[in-house]
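Undergrad: Sequence below, structure please.
(chains A, B and C)
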Amino acid sequence: MEFFLISLLNGVSYGLLLFMLSSGLTLIFSMMGVLNFAHASFYMLGAYFAYQISVKFGFWPALVIAPVVVGMVGALVERFMLRRVHKFGHVPELLLTFGLAYLIEEFVHLIWGRSSLDYKIPPEMDGPLFTLYTTTFPMYRGFMMLVAVLMLLAIFLVLTRTRIGLVIQASLTHPDTVEALGHNVPRVFMLVFGGGCALAGLAGVIGGNAFVTEPGMAAAVGSIVFVVAVVGGMGSLAGAFVASLLIGVIQTFAVAMDYSFVTLFKSAGFVITPDTFLYSLWKLTIAQTAPILPYLFLVLILIFRPRGLMGTREG
Amino acid sequence: MSAMNAVTFKPVNLARWIIWTGFALLLLVLPQLFDKGFSLTLMCQIGTIMIFSLSFNMLLGQSGMLSFGHAVYAGLGAYFVIHLLNMIGKGLWFPVSMLPLVGGLAGAFFGVLFGYVTTKKSGTPFAMITLGIGELVFAMSLMFPGFFGGEGGVSSNRIAGEPLFGFITSVTFGPQVQVYYLVAVWLFICTAAMYAFTHTPLGRIANAVRDNPERVEFIGYETQRVRYLVLIISGFFAGVSGGLGAINFEIVSSENVSAIRSGTVLLFTFIGGVPFFFGPMIGAVIFGFFIVVLATITKAWLLYLGLFFVLMVMYAPGGIATLIMMQFPIIRAGRFKEIFPSYCLATGAGLTLLAALIFAVEMIYHLSLEAAAGTSKAFFGMQIDVASAPPWVVVVVLTVVGGVLLRQAMRGVSMHWDRIMGDIIRAQTT
Amino acid sequence: MKTLYFRAATIAVSALAALAIGGASAQTVKIGYIDPLSGPFANVGEAGLKQFQFVIDDINARNLAGGPKLEIVPLDNKGTPQESLNQLKVAIDRGMRFVTQGNGSGAALAISDAVAKHNERNPTQTVLYLNYAAVDPDLTNSKCNFWHFRFDANSDMKMEAMTSFIEKQKNIKKVYLINQNYAFGQQVSRAAKEYLARKRPDIQIVGDDLHPLGQVRDFAPYVAKMKAAGADTVITGNWGNDMSLLIKAAKDAALNVDFYTYYAGGLGSPTAMGEAAAGKVKQITEWHANISPNKTEKFANDFEKKYKLDFYYLRVNTMMYMIADAIKRAKSADPLQVAYALEGTKFMSDTGEVEMRASDHQLINPMYMSTIVKAAVKGDKPQAGGDKSVKYDQEDTGLGFKTDARIESFVLAQPTSCQMKRPPKS
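TA: Residues are numbered from 1 along each chain as shown, chains lettered A, B, ... in the order given. Next up, the predicted model:
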């Protein structure tokens, strides 16, 4: 029971972190149709900026300032780079962000070096939130979950309940009409891109000290955020939320399952020995494949339900 | 209509003969010009990358499929080749010179397998699913040391069996120059085959699928099937390149199927030029320049590569090939000399900006990486104190001067360009 | 064909010339340093390079090679096996007859194999490969060759040392193994099970996890599994983030176990793990800053002063001193002569006598089991509550290593399956 509850908690909290990472990506994609390959790089920038700010002013100011700075960087990228290639179509846009990811990584190498940084969890958060049987649940993880949920709520409210949200939604489907009504559509796009990047930056501020702040952190989460966005359905925030939780929970429970084809065959009466053909494949346990299950998930989803869990279009 | 075409296009065909013969001759004499051990290896590598990027461009340039997992086909092809090479070493009869064909077949096989899944989609979902498959294959390659050889990969010895069916026994593929000629022959064949492919009905309809899939569906073609077939053929050529790489390096490791490899081929194909058939070949040569020349000179080569790529996407999305081809109408009209001075000015301004950039980047790198060794840095024969103001002032001055000049020059270029192109179009229409 | 003959002749002539110069004393022996100097692992490569430069300065100043000067030439392999082979070609083209590499067994296996092939095809222009950190046991067993010398204990030897320490810890009852699912991790897992069964059959292996290399973002599920299995000790070969994240997750869930690791002191790891590691994480190394007696103390301090970096690889020193000594004894910098001079040599290193075993070219050296604890200093400043015997910390984290035990070289020597083919001596 202890193991089950703890695993469920771990799964949900990991899922929420994934959502935090991918919500910005999904937002940008749903609004602008741009698949931002540098999204994880903005996540990394968030962590590095937060480290720099927290050294001077502490963690809490960093929590606010760093995402704003990342958002501004994102807005600048949209204004001076993306907008230029917008007329060439979506593939050049994607390629631009792909190149940008290279640049940001080298930039981080240049400024902060290649080793990991000592970006610490704030002392007031460094402790257990509660104890379940004998396992403690860290306070910071709880904080992470809280922020993710607040993030979802905030995005939802902004998009559906505010004037700017309505303009954003309208710009997506009817840019000409919106422009005719006197709104500056390119500026709306710049806002959206900056906002999406700021969300990534916020995830970086929180993920950077929970995990490790180092130049490889962007590459480490780079592809998993795409998996979430695609599995959830490109451009669907609710889909991304469900997909994140699903991936988090499945992956967590898969780690616990030490079953392989060998056990399966054994229960069916066959005996597999190390001499059997393709033995290394048969002996692979579910636990061993857990971290790459999301990719398998992605491939399966695209075969059987190409628009993703809650997507509305097939792209 | 065909008779008409034959008459009208005769000069072009002549040019085509000249180009292909020239290409063959170039391949033939290159090792005489650069005969050092490493330059031979490098040329072998560039040759393999050329085939690889051409096969990649079959997808991206000709059919509009952006793949983030193309290394999978080349890499898996390479694994099959290296295993077969090891079997040849143990006595199996198979000529080494024919091994790339096996790599190609393996590549095509995996094209059939993975393509069935990936080509169901086009556009962004296609890109994502190739990314996913690439990650899966890479993770597998580390998990199964039996086939993939674990961390060290699978190594082999290319001096094995009867490489040319036992005809010319002095060819063992031991000396690098013999490997070079093997690569050259395969490169020529593959380039010709891939070029021919662009003229087949499938190649043509692939272009249509890229440009307007809906209309292709309307006229009765199944776009998914077109994509599938193109992917299989592209997988074949990728596999050939993987096989050549395996013979060249005599080792295949998991880096061959990695996302980094897939990303590299995307970068250089794009830089070379996607819209033109020969663009990726230019990209492969630039690859050699970046990986070898630049990487030995500076530690910042990845930064330069990223910058170069981003600038290309922003200002010349057609790649270098397009920049070259754009000049042809002007040259043909005999008016290149009008625009030439503006080009010179633009180049000068660009070089000034580049100098400023290199200066700044190298100084920052020095500060961040070799701060312990002091702030003094040797730069083009000069000793510079990177912590002092003067070099930074130079950077600022160079940037401002270069920027202003470039603005001027580009204005001149576009003015001339518009005028000449306007004249050319008017001449054609009247 | 003509050009081929011509080229062969040129090579022969230049080889003769090289031999002629070989007798002269004012010669420079260039050693190609093939390791990552750009990309994600550049910091590891850079740090290693600095150590080489520092020890070579010492060797040249004291003329330990008996005439020739040594020089290290950096060659960036970008961390991949194929690029390592390219750089090996560059080194050969530029006349280098010695190469060294350490980061990654993948590149090591590629270089070892390529060097053997090159020497077979060009017997007049042989190259020697000095391995200072790649630990795959195959390199000195099934894939051994005459031209490869390893100056680091291989992963089996390290496991032997680790388990011989565990053998004496009577409170260890349940061991959990967690490793990266690739060649090295699989070897660690296999060796741990085998050696523990031999030394402490009463110890239960309560878990044996293999996870994909560098793919795990969240280790909490693994920690939950360890807890459910009731483990009191975890053995892991994980390095980089896979280790730091594991240690952090264990601390979050209040998992009370000892971690026996290979690479806890590696570059960046102490910073990334932080205080979560104190008292919990042990490592097996040939040296650390707080061993006693510490003959390398002054050298390490000088190094740190010059480069602002922790001294890490004692084996680089041992290796370079041994090479210099071999060149001096062989009175030649020819790889073949140096190789024969190295084989079977016993040498006094800073931590005691070491031996370059002739049968497989594996260095047999003593090792230290140590634990990360709060040090008496943090950076340059004294730290309250730290262990007084821990005089130096790692990466200014305020955490340092404290010796648990010294494991003598005869304990960790392993039998070898190497069938070495030796070229004729002259």
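
Undergrad: Tell me who's in contact with B:I286.
TA: Residues in contact with B:I286 (C-beta atoms under 8 Å, 6 or more residues apart in numbering or on different chains) are B:268, B:271-272, B:320. Any C-beta I mention is one placed from the backbone N, CA and C, and that applies to glycine too.

Undergrad: nope, C:L412 is what I meant
TA: By C-beta under 8 Å, 6+ apart, the contact list for C:L412 reads C:153, C:157-158, C:160-161, C:164, C:364, C:367.

Undergrad: Run through the chain and note the low-pLDDT ranges.
TA: Answering for chain A, as no chain was given. A:312-315 (pLDDT under 70).

Undergrad: meant chain C, my bad for not saying
TA: If you take pLDDT under 70 as the line, chain C has these spans: C:1-26.

Undergrad: all helices of it, in order?
TA: Under the criterion DSSP state H, chain C contains helices at C:2-22, C:42-61, C:81-93, C:105-121, C:155-168, C:183-199, C:220-229, C:241-252, C:269-273, C:297-307, C:314-330, C:335-342, C:409-412.

Undergrad: which of these is buried the deepest?
TA: Mean neighbours per residue, mean count of other C-beta atoms under 10 Å in any protein chain shown, is largest over the helices of chain C for helix C:269-273, with a mean of 26.

Undergrad: Quick one: neighbours of residue 229, just the number.
TA: Just going to use chain A. By the criterion of other C-beta atoms under 10 Å in any protein chain shown, A:A229 has 33 neighbours.

Undergrad: my bad, chain B
TA: Neighbour count of B:L229, defined by other C-beta under 10 Å: 17.

Undergrad: quick one: secondary structure of it?
TA: Per DSSP: H, G, I helix; E, B strand; the rest coil, the secondary structure class of B:L229 is helix.

Undergrad: Return the residues in contact with it.
TA: Contacts of B:L229 (C-beta under 8 Å, 6+ apart): B:L202.

Undergrad: From A:G113, how far off is whichever residue of chain A sits closest to chain B?
TA: Closest contact between chain A and chain B, by C-beta to the nearest C-beta, is at A:Y102 (3.5 Å). Counting by C-beta to C-beta, to the nearest Å, the separation of A:Y102 from A:G113 is 18 Å.

Undergrad: out of the two, which sits in the busier spot?
TA: For A:Y102 and A:G113, the more surrounded residue by other C-beta under 10 Å is A:Y102, and the numbers stand at 21 against 18.

Undergrad: Next up, identify which helix or strand that one is on.
TA: helix A:90-112 (DSSP states H and E).

Undergrad: who does the helix or strand that that helix is followed by pair up with?
TA: For helix A:90-112, the succeeding helix or strand toward the C-terminus, using DSSP H and E, is strand A:128-132. Strand A:128-132 pairs in its sheet with strand A:135-138 (antiparallel), by DSSP bridges.

Undergrad: ok, now which ones touch residue 265?
TA: Going with chain A. A:271-272, A:282.

Undergrad: Chain B is the one I meant
TA: B:V265 neighbours (C-beta under 8 Å, 6+ apart): B:49, B:52-53, B:56, B:70-71.

Undergrad: residues contacting B:L294?
TA: B:L294 is in contact with B:301, B:304-305, counting by C-beta under 8 Å, 6+ apart.

Undergrad: same check, this time on C:Y340
TA: Per C-beta under 8 Å, 6+ apart, neighbours of C:Y340: C:330, C:425.

Undergrad: what helix or strand is B:V171 on?
TA: B:V171 is part of no helix or strand, with elements assigned from DSSP H and E.

Undergrad: any idea how far it is from chain C?
TA: Here B:V171 is placed at a distance of 11 Å from chain C (C-beta to the nearest C-beta, to the nearest Å).

Undergrad: wait, doesn't that residue sit right on B:Q178?
TA: Yes. Counting by C-beta atoms under 8 Å, B:V171 touches B:Q178, with 5.5 Å between them.

Undergrad: Between these two, tell me which one has more neighbours.
TA: B:Q178 (20 against 16).

Undergrad: Make sure the more buried one is actually in contact with B:L164.
TA: No. Contact criterion C-beta under 8 Å: B:Q178 and B:L164 do not qualify, at 9.9 Å.

Undergrad: Need the overlap of contacts for these two.
TA: The contact sets of B:Q178 and B:L164 overlap at B:V171 (C-beta under 8 Å, 6+ apart).

Undergrad: if we can go back for a sec, would you point out the most distant pair within the contacts of C:L412?
TA: Greatest spatial distance in the contacts of C:L412: C:S164 and C:I364, 14.4 Å, computed using C-beta to C-beta.

Undergrad: what does the stretch 51-200 of chain C have sitting close to chain B?
TA: Contact residues (C-beta under 8 Å from any C-beta of the partner chain) of the stretch 51-200 of chain C with chain B: C:76, C:78, C:80-83, C:85-86, C:89-90, C:92-93, C:104-106, C:108-110, C:113-114, C:117, C:121, C:136, C:138, C:143, C:181-184, C:186.

Undergrad: can you do 7 Å?
TA: Listed as neighbours of chain B in the stretch 51-200 of chain C under the rule C-beta under 7 Å from any C-beta of the partner chain: C:76, C:80-82, C:85-86, C:89-90, C:92-93, C:105-106, C:109-110, C:113, C:117, C:121, C:136, C:181-184, C:186.

Undergrad: quick one: contacts for the closest residue to C:K251 other than its chain neighbours?
TA: Using C-beta to C-beta, 6 or more residues apart in numbering or on different chains and skipping residues adjacent in sequence, the residue nearest C:K251 is C:A276, 3.7 Å away. Counting by C-beta atoms under 7 Å, 6 or more residues apart in numbering or on different chains, C:A276 touches C:247-248, C:251.

Undergrad: Now do the SS call for the residue lying closest to B:T118 once chain neighbours are set aside.
TA: In this structure, B:T118 finds its nearest non-sequential neighbour in B:I129, 5.0 Å apart by C-beta to C-beta, 6+ apart. Three-state assignment for B:I129 (three-state DSSP): helix.

Undergrad: B:I129 is in contact with B:Y116, isn't it?
TA: No. Using C-beta atoms under 7 Å, B:I129 is not in contact with B:Y116; the gap is 11.3 Å.

Undergrad: more neighbours, these two?
TA: B:I129 (27 against 14).

Undergrad: ok now do the more buried one, which residues does it touch?
TA: A:298-299, A:302, B:117-118, B:121.

Undergrad: Emit the ChimeraX select command for whichever of those are buried.
TA: Typed into ChimeraX, the line below selects the buried ones among these, using 16 or more other C-beta atoms under 10 Å in any protein chain shown:
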select /A:298,299,302 /B:117,118,121
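
Undergrad: any idea which of the contacts of B:I129 is closest to chain C?
TA: A:L298 (13.9 Å).

Undergrad: The one helix or strand that closest one maps to and chain C in contact?
TA: In this structure, A:L298 is located in helix A:293-304 according to DSSP H and E. No. Applying C-beta under 7 Å from any C-beta, one finds helix A:293-304 separated from chain C by no less than 9.3 Å.

Undergrad: Those residues of the stretch 201-315 of chain A touching chain C, which are they?
TA: A:211-212, A:214-216, A:220-221, A:252, A:255-256, A:287-288, A:291-292.

Undergrad: which of those come close to chain B?
TA: Among these, chain B is touched by A:I292 when using C-beta under 7 Å from any C-beta.
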